[in-house]
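Chemist: A structural model of the following input is requested.
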Amino acid sequence: MKKTEKLPVPVTIVIPVYNEEKRIISSLETLTAFCKKHFNEYEILCVDDGSTDDTWNLIHQMRNEPFLKPLSFKKNRGKGFAVKQGMLQGCGRIRFFTDAELPYDLDAFLAAVDIFRARRCDIVTGDRNLADSSQGLEVGVARRVAGRVFSTITARLLKMDVSDSQCGFKGFTDYAAQEIFTRLTIPGYAFDVEVLVLARAMNFKICRVPVSLVKHDGSKIRLIRDPFPMFFDLLKLRNH
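Modeler: Okay, here's the model as predicted:
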């Protein structure tokens, strides 16, 4: 059997977590096994955003693992805040973030690295609308419709040319990560949009990568409450 050639580029993967005690260890073990197989140099920054369950204790128990850098904040500040801290403290030449449940097939990391190298992109963002993307799981109708409505409003209000701004899989070169996340102001879920707005303002090259949904059982977005502050954040971004 041919041995898998490991990619030489140093990689950072940021995982923002909030009350993930039921799956964080499994996710970290799965992600670690994948990284050991495919990357020569990697680090996983697990950022606990003020969890009130046993999440931090579980992460802290793994603190001696050389690949893991655990971060914790006493107060829940929002997903955008957690990702920002991880991105700015990461050391990888390519820095990704994805969600704690690892919703997308992990091969997306390899595809994204290939795109970075072949097309000289500054940012590679997952797009569930690309032809090669797939959804192995059925997403609830309300959540699917809400996602489409948000994407449509975002595209029209901000004249965005990225059709899936809220995909929870994005990668950045180290330079792009520093330039963007030092300027990030939105701590909540609309931070994904601000990332793209800032990238556009700085003329960064954005490429897309297809992603395959393999898990969908733990989104923290509340369909009744969260769309309203997200919409107001979009109005703020209109003046960026």
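Chemist: what is the mean pLDDT for the host helix or strand of residue 46?
Modeler: For residue 46, the host element (DSSP states H and E) is strand 42-49. Averaging pLDDT along strand 42-49 gives 97.
Chemist: ok, that strand: who's next to it in the sheet?
Modeler: Strand 42-49 sits in its sheet next to strand 11-17 (parallel), strand 68-73 (parallel), going by DSSP bridges.
Chemist: Figure out how far the following helix or strand past the longest one is from the centre of its chain.
Modeler: The reference is to strand 11-17. Later in the chain than strand 11-17, the nearest helix or strand by DSSP H and E is helix 24-38. Chain-centre distance of helix 24-38: 16 Å, with CA atoms, centre = their mean, to the nearest Å.
Chemist: Do I have it right that residue 237 meets residue 196?
Modeler: No: judged on CB atoms under 8 Å, residue 237 makes no contact with residue 196 at a distance of 9.4 Å. To be clear about C-beta, it is placed using only N, CA and C from the backbone, and glycine gets the same treatment.
Chemist: okay, the two: which has more neighbours?
Modeler: residue 196 (23 against 20; other CB atoms under 10 Å).
Chemist: Identify the residue nearest residue 194 in space, chain neighbours excluded?
Modeler: The shortest distance from residue 194 to any residue other than its chain neighbours is 4.7 Å, reached at residue 186 (CB to CB, 6 or more residues apart in numbering).
Chemist: what number of residues lie near that neighbour?
Modeler: Neighbours around residue 186, by other CB under 10 Å: 23.
Chemist: same thing with residue 159?
Modeler: Counted with other CB under 10 Å, residue 159 comes out at 10.
Chemist: For it, report the pLDDT, please.
Modeler: 72.
Chemist: Next: residue 103.
Modeler: Turning to residue 103, the model gives it a pLDDT of 93.
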